[in-house]
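Participant: A structural model of the following input is requested.
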Amino acid sequence: MAEMRSVHPYYTYDAIQSQPSLIEKVLADRSAIERIADAVAEKGRITFVGVGTSLHAAQIAESWMREFTDGRFLAHFEQSFELIYHPIAFGADDAVVVITHTGTSGASVDALRAARASGALTVAITGRASGEGIRGADFHIETSEQEVSFAYTKSYTTALAALAILILRVAERKKLLAKPDAAGTLQYLPSLMREALALEPQVRELAKQIATFSPIDIFGSGAGWATAREAALKIKESCYIAAEGFETEEILHGPFSEIDSRGALIGILTGRKTDDRARQILRAAGELKMLRAAIIVPSANLDVSAEHVLVVPEVDEWLSAFIHLVPLQLLAYFIALERGLNPDTGRQDQPAHAAASRHYKY
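Facilitator: Down below sits the predicted model:
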């Protein structure tokens, strides 16, 4: 285990900055992933499985399969623990893709073993030097080195890159690919993420203002929904404050009743029709005197009511899983710094939390 740092840059920051180059390495090994996808494409049903951050990757994978096939092939995502205790009857026509960076998550390992025992084709997507339990999969895709920080960043986006390659190839092999240019777009992903990283000065200014607000609610649609959930998780893990990620419409059905001027709201706008609803929500939050921020593509920059507007490169909505996420990762990091916290530890350096963790294991 690397020696923990006590000042900026913490390991989380290094991991965020390293994502473009690590994704370049994943893309360079595209042919190996595509060979695995050829086997997956022979199956009639695909289930993406994960827990925590990996669950958000699984949710995005389902969203992408719908996006890339115009809804003509429906995959689905499952939470590992729920899948074990509320199982699906897998069989020989199933492919089960388990995402777990460490390869040691008990529920995910158990889910993979159960799927394989049922006759399903199994694929594990992990970091390098992962646990032995996951190595019983039929296929194994390795992404980045293991994280030092408690808040996973690079392992998440490199897993997403591998999933994008796999899903695009599956859609192509099934002759259902509705976005033939999407595979080519992937090669620009590292440079687009570097552009998003250049928003750091603006993110730091937002962090200075938002660090005292709680809760911090984030919302989005499509891939932006899971991105909102992932960003909220990073804020919880790094900053120890209440944060939630919502689907755009869903935030109005209950959650909006609990928010007021003590909270902050962040909208993810991707240039689609769903942005119309997002603009309404941001305007409504203004009536509540909330601090508002919007992360948008240039084409969405129309009548956006927010105190902070961060403009990321123009991309299709499915790429918001990477591009809109970057400033949100940075935001969680710099909020932690504003609050005088070490974003790497997940509070495991505090005696009470260390004692609590002895009652469970991941």
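Participant: Quick one: the strands in the stretch 151-300 of the chain, in order.
Facilitator: 216-220, 243-247, 264-269, 291-296 (DSSP state E, counting those that start in this stretch).
Participant: Now for the closest residue to Glu145 other than its chain neighbours: which residues touch it?
Facilitator: Here the nearest residue to Glu145 in space, its sequence neighbours aside, is Arg128; by Cβ to Cβ, 6 or more residues apart in numbering that works out to 5.2 Å. The C-beta positions use only the backbone N, C-alpha and C, and glycine is treated the same way. Contact analysis of Arg128 by Cβ atoms under 8 Å, 6 or more residues apart in numbering lists 142-146.
Participant: same deal with Arg204?
Facilitator: The neighbours of Arg204, taking Cβ under 8 Å, 6+ apart as the test, are 330, 334.
Participant: Relative to Gly119, how far out is it?
Facilitator: In this structure, Arg204 and Gly119 are separated by 52 Å, where distance is defined by Cβ to Cβ, to the nearest Å.
Participant: before we move on, what about Gly133?
Facilitator: For Gly133, the distance to Gly119 equals 20 Å [Cβ to Cβ].
Participant: and the nearest residue to Leu328 once chain neighbours are set aside, how many residues sit next to it?
Facilitator: Counting by Cβ to Cβ, 6+ apart, Leu328 lies nearest to Ala231, which is 3.7 Å off, once chain neighbours are set aside. Neighbours of Ala231 under the rule other Cβ atoms under 10 Å: 27.
Participant: before we move on, back to that, comparing Gly133 and Gly119, which residue is more hemmed in?
Facilitator: Between Gly133 and Gly119, counted using other Cβ under 10 Å, the more crowded position is Gly133 (19 against 11).
Participant: got a list of what the residue nearest to that one when sequence neighbours are not counted touches?
Facilitator: In space, not counting the residues next to it along the chain, Gly133 is nearest to Val109; the distance is 3.8 Å by Cβ to Cβ, 6+ apart. For Val109, the set of contacting residues under the criterion of Cβ under 8 Å, 6+ apart consists of 100, 103, 131, 133-134.
Participant: Identify, from these, the entry nearest to Thr47.
Facilitator: Proximity of the contacts of Val109 to Thr47 was ranked by Cβ to Cβ; the top entry is Thr100 with 14.3 Å.
Participant: Check whether that closest one really touches Thr126, as I assumed.
Facilitator: Yes - contact status for Thr100 versus Thr126: in contact at 5.8 Å, counting by Cβ atoms under 8 Å.
Participant: need the strands of the stretch 151-300 of the chain in a markdown table with mean pLDDT, mean neighbour count and distance to Arg339, can you?
Facilitator: Supplementary listing: the strands of the stretch 151-300 of the chain in a markdown table, determined by pLDDT from 0 to 100; neighbours: other Cβ atoms under 10 Å; distance: least, Cβ to Cβ, whole Å:
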| stretch | mean pLDDT | mean neighbour count | distance to Arg339 |
| --- | --- | --- | --- |
| strand 216-220 | 98 | 27 | 12 |
| strand 243-247 | 98 | 23 | 13 |
| strand 264-269 | 98 | 29 | 14 |
| strand 291-296 | 98 | 25 | 16 |
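Participant: is it possible to export those strands to TSV including distance to Leu282?
Facilitator: Written out in TSV, the entries for these read as follows (distance: least, Cβ to Cβ, whole Å):
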stretch	distance to Leu282
strand 216-220	9
strand 243-247	13
strand 264-269	5
strand 291-296	5
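Participant: so which of those comes closest to Phe150?
Facilitator: Minimum separation from Phe150 across those (Cβ to Cβ) falls at strand 243-247, 15.4 Å.
Participant: Pull the contacting residues for Gly131.
Facilitator: Under the criterion of Cβ under 8 Å, 6+ apart, the contact partners of Gly131 comprise 102-104, 109.
Participant: try Glu62
Facilitator: Applying Cβ under 8 Å, 6+ apart, one finds that Glu62 lies in contact with 48, 75-77.
Participant: redo that, cut-off 10 Å
Facilitator: Glu62 makes contact with 46-48, 74-78, 167, 226, according to Cβ atoms under 10 Å, 6 or more residues apart in numbering.
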